[in-house]
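[1] Pasting the sequence and the predicted model now:
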Amino acid sequence: MSRARQQAALWAARRLDAEARDEAGFEAWKSADPAHAQAFDEVWRASQDPALAEAMRLSQQKRAVPRRAGPLTALAGGLVACALAIVAIWPQAQLMTVDPLVLQTAPGQHRVATLADGTQVTLDGATRLEVRLGAWRRQVELVRGEAFFDVAHDAGRPFTVKAPEGSARVLGTAFDLERGDGRLELSVRRGRVRLAPAGLIHRTAELTMGQRAFAKEGRLSAVRAFDLHADDWRSGWLETDGITLARLVERLNRASATPITIADPALGRQRVAGRFRLDEPQALVLNLALMHGFTVRQTPDGLALSR
């Protein structure tokens, strides 16, 4: 912390204690350097926030002030610590006061929504998002499914999409984010996006246009390139050089009103590759069954794949 900030906290403590006030000394200190006045204003605004009183009360309950510290020094120290804590947590705390906007789709349904900040979001089928646009941050929770984001640029309000597997943070760009098979996959169409796996101490990766990677179980995959001009799920297609049948079925279930299940876990691990039409899921699994030697049964609950 800067010396000016430390001194500002001490002067703020004096002004909160009627017996310790020194108006002449305070004015002399403040006029000695423009940085003094700025530092004091920042600390004083924090000291007047109702959250500060609560934070100091909780802090006092948890730890006693050392005996060698005088009451004025202790109060100043409390102001410094609490002011810094408020600066750190307030943007996130403020975001939590915002009622979320829920966007969701049924299987087989696509939806395009424009958020209040100008960001455009395209939802795949069976997808749910919870959107919070705060004064300092914009945050979306990808509860399930897949969505394409064309984020409106706002340098003062970073845009983050979170999921249990990790998060993607940007200022303004276009990217696709998918949850499935226990992982969070990011494909960047424009700009730069930081992908972070879940957990406190893990490496992150910054992806640029035409790059793709995923986070799973606290780790990041290698970054690889993809064809920006290839069709994707928004036009009803999936082009891949190899995914498990289980992951393909998971994606098909977002496009299909008829649920598809895999009875044999070993079959789900079988890898398939090619260009698949997602908006005709039943025809696709029948063709895959012929190619890979498994069967498709119609059940009361949908389609079941087995050996």
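    Cool, got the structure.
[2] Give the rounded mean pLDDT of the host helix or strand of Ala113.
    Applying DSSP states H and E as the criterion places Ala113 in strand 111-114. Across strand 111-114, pLDDT averages out at 98.
[3] same for that strand, what does it pack against?
    Packing partners of strand 111-114 (3 or more Cβ pairs under 8 Å, 6 or more residues apart in numbering; DSSP states H and E): strand 120-123. Just so you know, the C-beta spots here come from the backbone N, C-alpha and C atoms, and that holds for glycine as well.
[4] Quick check: can you name the pairing partners of the very next helix or strand once past the strand it packs on and their directions?
    With elements assigned by DSSP H and E, the helix or strand that comes after strand 120-123 is strand 128-133. In the sheet, strand 128-133 lines up against strand 101-104 (antiparallel), strand 138-144 (antiparallel) (DSSP bridges).
[5] Most tightly packed of the ones you listed?
    Ranked by mean neighbour count, the strands paired with strand 128-133 are led by strand 138-144 with a mean of 21 (mean count of other Cβ atoms under 10 Å).
[6] what's in contact with that strand?
    Here strand 138-144 makes contact (Cβ atoms under 8 Å, 6 or more residues apart in numbering) with 95, 100, 117, 119, 121, 126-132, 149, 154, 157-163, 177, 179, 184.
[7] Tell me the buried residues within the residues you listed.
    Buried subset of these (neighbour count, 16 or more other Cβ atoms under 10 Å): 95, 119, 121, 126-127, 129-132, 149, 157-163, 177, 179, 184.
[8] mind listing what's buried in stretch 216-233?
    Going by 16+ other Cβ under 10 Å, stretch 216-233 has these buried residues: Lys216, Leu220, Ser221, Val223, Phe226, Asp232, Trp233.
[9] Next step: the residues you listed restricted to helices.
    Among those, no residue falls in helices (DSSP state H).
[10] Pick the one among those closest to Ile260.
    Checking the buried residues of stretch 216-233 against Ile260 with Cβ to Cβ, the nearest one is Trp233 at 16.0 Å.
[11] gap between that closest one and Glu146?
    7 Å (Cβ to Cβ, to the nearest Å).
[12] Please apply the same query to Gln7.
    Taking Cβ to Cβ as the measure, Gln7 falls 52 Å from Glu146.
[13] Report all helices and strands that whichever strand or helix holds Ala304 contacts.
    Per DSSP H and E, Ala304 falls inside strand 302-306. With contacts taken as 3+ Cβ pairs under 8 Å, 6+ apart, strand 302-306 sits against strand 260-262, helix 281-292, strand 295-299.
[14] average model confidence for the helix or strand where Ser187 lies?
    Assigned by DSSP H and E, Ser187 belongs to strand 183-190. Average pLDDT, strand 183-190: 96.
[15] which residues are contacting that strand?
    With contacts defined as Cβ under 8 Å, 6+ apart, strand 183-190 is touched by 142, 148, 163, 165-168, 173-178, 193, 195, 197, 207-216, 226, 228.
[16] could you redo the last one with a cut-off of 6 Å?
    Residues outside strand 183-190 that contact it (Cβ atoms under 6 Å, 6 or more residues apart in numbering): 163, 165-166, 168, 173-178, 195, 207, 209, 211-216.
[17] go on, stretch 248-258?
    By Cβ under 6 Å, 6+ apart, the residues outside stretch 248-258 that reach it are 107-108, 124-126, 145, 180, 260, 262, 272, 278-279, 281, 302.
[18] Export the residues you listed to CSV and append columns for distance to Asp33.
    CSV is the format used below for the contacts of stretch 248-258 (distance: Cβ to Cβ, whole Å):
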residue, distance to Asp33
Pro107, 64
Gly108, 65
Asp124, 56
Gly125, 60
Ala126, 59
Gly145, 54
Gly180, 56
Ile260, 69
Ile262, 70
Val272, 68
Leu278, 64
Asp279, 66
Pro281, 69
Gly302, 72
